[in-house]
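**Q** Show me how the following folds:
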Amino acid sequence: MTRLRWFSKLFQKPRRRTSIIQCIYVVGFMDLFGVSMIIPLLSHHVKALGASPTVAGIVGSTYGILQLFSSTIVGGWSDVVGRRYSLLTCLLLSSFGYALLGMSTSIALFVLARIPVGLFKHSLSINRALLSDLVSESERPVVMGHFNAASSVGFILGPMVGGYLTEHEGGFYTSSFTCAVIFLINAGLVCLLPWKEVLVLCNKPDPNNDTSNGCHDNKCNECNKSVQNGSHVNGHHQMFDANSRFRAPGKQRANLSWGELALLQPAWRQLSSVGSKIHTVASSDMWDLFLVRLLMAIAIMLYYSNFSLAMEERFSVRPKLTGYMISYSSTLGALSGFLVGPVTRLYRNNMPTLLLHSTILTCSLILLYATAPSVWQVLLTSTFFAISTTIGRTCITDLELQRGGTQASGTLIGAGQSVTAIGRILAPLLSGLTQEISPCGPPSLGVVLALAAVSLLLIRIPKWNRSRIEKTAQF
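**A** Numbering: from 1, shown residues only. Below is the predicted model of the structure:
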């Protein structure tokens, strides 16, 4: 009888974890589905409010600038107060921002509506951090790839619904309120997640192994983690150990989880904890990874920056056909998320080598696009470009979490998003300058930047491998 119970628990545990992960996939899908309903309509709406092109550009950059400074802070805050509370806060305040956007009848109100969205639209990053809490290091690339695929499908379908709603009177306002409702539904889904099960899944030992399910490649120091209300807690915190409760007088405080207790702390103490995590990441030896992320982000954005205009000028392709090509590439990018698992298994989870090969492939494809003599070659490069960039993004996120440690996964993912935000600010400027020279100027500069990333990887990967071997030898 005891053996039967042991087998039933063994099979129930993966099922519970799978259902939680699938729910997070749904949240990611709905997140980008709602956002993509709004994005294509923003520039038209701000111009309809009477903004000049210059003012429209300044207003449009507000969101990117806010994301640049808030990504790392909110990610660190999710490490301090927990995934549950930070995710709910981001979803509810984003919903408020989109609802306010639906009431924007002036430029001032439009800018005001973009502020809460720019500061707190980090639900995808927190979801990724939560997924990294739930799975082992070997499973993480597969789960992240599936999450990116689900989110990308939402980003593909959203503009279709937004375009349909815009054809009716007050379509922009309807789309904005619909997006706000979607974020409220997401907040409801997050509330319904079995957070106690999340805690059990991250801490409960695996009957089939000597280490816990959360142990990453038998690195038991990383197993000494506690996820309270979705919070990823470092075992070295001053007032906690890996499996203990807060030692404080009073029955009520003793029964509070770490995430609840951190949430009740004064704001300055929370900010101090966030600042400490950000300082730890900033002072770590991860500049090379962040630099590779920045170089490749700008290179990829330069590839897409003037795609429609370049296709028209180089091959006299109509915008309608260009739109089909972009949709084709986006669909392939979404489906490529399901290839991450087989590819990582083929490489035996050797993420540095996989990142190097995907970066070389991306660089080669940008070069082929810049020198393409026909539309068919462009279509061929777009096919493999969508696959290589999807795998590359998953690789670099996984490497950041490997090298930075899962105790600050929210801070690390947020820092990566801040680096990408810098790329979003620089890419349009560089694209405009190089486009003055030639329609092939932006992708040509992208080739140079991608080559710089490849060179950096060739120099740094041997050091990463030595560090990984030394770290493994310690255990």
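**Q** Residue 296 contacts residue 360, doesn't it?
**A** No - with contact defined as CB atoms under 8 Å, residue 296 does not count as touching residue 360 (11.4 Å). All C-beta atoms are positioned from the backbone trio N, CA, C, and that covers glycine.
**Q** Between the two, tell me which one has more neighbours.
**A** residue 296 (27 against 17; other CB atoms under 10 Å).
**Q** The helix or strand containing residue 165 - contacts with which helices or strands?
**A** Take DSSP states H and E as the rule and residue 165 turns out to sit in helix 140-166. Under the contact criterion of 3 or more CB pairs under 8 Å, 6 or more residues apart in numbering; DSSP states H and E, helix 140-166 touches helix 2-48, helix 123-134, helix 171-192, helix 319-336, helix 340-346, helix 375-404.
**Q** Can you name the residues that contact the spatially closest residue to residue 417 that is not a sequence neighbour?
**A** Nearest non-adjacent residue to residue 417, counting by CB to CB, 6 or more residues apart in numbering: residue 71, 3.9 Å away. By CB atoms under 8 Å, 6 or more residues apart in numbering, the contact set of residue 71 is 122, 125, 414-415, 417-418, 421.
**Q** where does residue 71 land on pLDDT?
**A** pLDDT for residue 71: 93.
**Q** Please identify the helix or strand for it.
**A** helix 53-81.
**Q** so that helix versus helix 123-134, what angle?
**A** Relative orientation of helix 53-81 versus helix 123-134 (axes from the mean of the first three to the mean of the last three CA atoms, to 10 degrees): 30 degrees.
**Q** mind listing what's buried in helix 53-81?
**A** By neighbour count on 16 or more other CB atoms under 10 Å, the buried set for helix 53-81 is 56, 59, 63-64, 66-68, 70-81.
**Q** Just give the closest residue to the spatially most central residue of the chain, not the sequence neighbours.
**A** Nearest to the mean C-alpha position of the chain, by CA atoms, centre = their mean, lies residue 125 at 4.4 Å. In space, and not counting its chain neighbours, residue 125 is closest to residue 413: 4.8 Å by CB to CB, 6+ apart.
**Q** For that neighbour, grab phi and psi.
**A** phi -70, psi -40 (degrees, to the nearest 10).
**Q** just for this structure, where's the confidence low?
**A** Scanning the chain with the threshold set as pLDDT under 70 gives 1-15, 197-265, 406-407, 472-475.
**Q** what about residue 49, distance to residue 456?
**A** Computed as CB to CB, to the nearest Å, the residue 49 to residue 456 distance reads 44 Å.
**Q** quick one: residue 79 and residue 413 touch, right?
**A** No - judged on CB under 8 Å, residue 79 makes no contact with residue 413 at a distance of 10.0 Å.
**Q** if I look at the two, which residues touch both of them?
**A** Residues touching both residue 79 and residue 413 (CB under 8 Å, 6+ apart): residue 129.
**Q** count of neighbours near the closest residue in space to residue 27 that isn't next to it in sequence?
**A** Leaving aside its chain neighbours, residue 27 sits nearest to residue 186 (5.1 Å; criterion: CB to CB, 6+ apart). Counted with other CB under 10 Å, the neighbours of residue 186 add up to 26.
**Q** list the contacts for residue 186?
**A** 27, 30-31, 91, 123.
**Q** got it, and residue 88?
**A** Per CB under 8 Å, 6+ apart, neighbours of residue 88: 187, 190-191.
**Q** what comes up buried for the helix holding residue 165?
**A** Neighbour-count burial for helix 140-166 flags 140-159, 162, 165-166 (criterion: 16+ other CB under 10 Å).
**Q** Export only the CA atoms of stretch 325-344, formatted as CSV.
**A** The C-alpha trace of stretch 325-344 is given here as CSV (Å, rounded to 0.1, in the frame of the first residue of the first chain):
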residue,chain,number,x,y,z
MET,A,325,6.6,37.9,-46.0
ILE,A,326,6.6,39.5,-42.5
SER,A,327,3.7,37.4,-41.4
TYR,A,328,5.4,34.3,-42.7
SER,A,329,8.6,35.1,-40.8
SER,A,330,6.7,35.8,-37.6
THR,A,331,4.8,32.6,-37.8
LEU,A,332,8.0,30.6,-38.3
GLY,A,333,9.5,32.5,-35.3
ALA,A,334,6.6,31.4,-33.2
LEU,A,335,6.8,27.8,-34.3
SER,A,336,10.6,27.8,-33.8
GLY,A,337,10.1,27.9,-30.1
PHE,A,338,9.1,24.2,-30.3
LEU,A,339,12.5,23.4,-31.9
VAL,A,340,14.5,24.7,-28.9
GLY,A,341,14.1,21.4,-27.0
PRO,A,342,15.3,19.0,-29.8
VAL,A,343,18.2,21.4,-30.7
THR,A,344,19.4,21.7,-27.1
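**Q** what's in contact with that stretch?
**A** Stretch 325-344 is contacted from outside by 141-142, 144-150, 152-153, 155-156, 307-308, 311, 351, 354, 378-379, 382-383, 385-387, 389-391, 394, using CB under 8 Å, 6+ apart.
**Q** What residues of that stretch count as buried?
**A** So stretch 325-344, judged by 16+ other CB under 10 Å, has buried residues 325, 329-330, 332-334, 336-337, 340-341, 343-344.
**Q** tally of neighbours for residue 279?
**A** Using other CB under 10 Å, residue 279 has 12 neighbouring residues.
**Q** One more: residue 314?
**A** Quick note: residue 314 (other CB under 10 Å) scores 16 neighbours.
**Q** Next up, the contacts around it.
**A** Here residue 314 is in contact with 372, 439-440 (CB under 8 Å, 6+ apart).
**Q** again, only this time at 10 Å
**A** Residues in contact with residue 314 (CB atoms under 10 Å, 6 or more residues apart in numbering) are 372-375, 378, 438-440.
**Q** my read: residue 63 touches residue 115, true?
**A** Yes - with contacts counted by CB atoms under 10 Å, residue 63 reaches residue 115, the gap being 8.9 Å.
**Q** distance between the host helix or strand of residue 422 and the chain's centre?
**A** Element membership of residue 422 [criterion: DSSP H and E] is helix 409-435. Distance of helix 409-435 from its chain centroid, counting by CA atoms, centre = their mean, to the nearest Å, is 13 Å.
**Q** If I take it and helix 375-404, what angle do their directions form?
**A** Using the same axes, to 10 degrees: helix 409-435 against helix 375-404 is 150 degrees.
**Q** Just the buried residues of helix 409-435, please?
**A** 409-424, 427-428, 430-431, 434-435.
**Q** What about residue 440, how many residues nearby?
**A** 19.
**Q** Got phi/psi on it?
**A** The phi/psi pair for residue 440 (degrees, to the nearest 10) is phi -90, psi 0.
**Q** show me what contacts it?
**A** When contacts are counted by CB under 10 Å, 6+ apart, residue 440 touches 306, 310, 313-314, 369-372, 434, 447.
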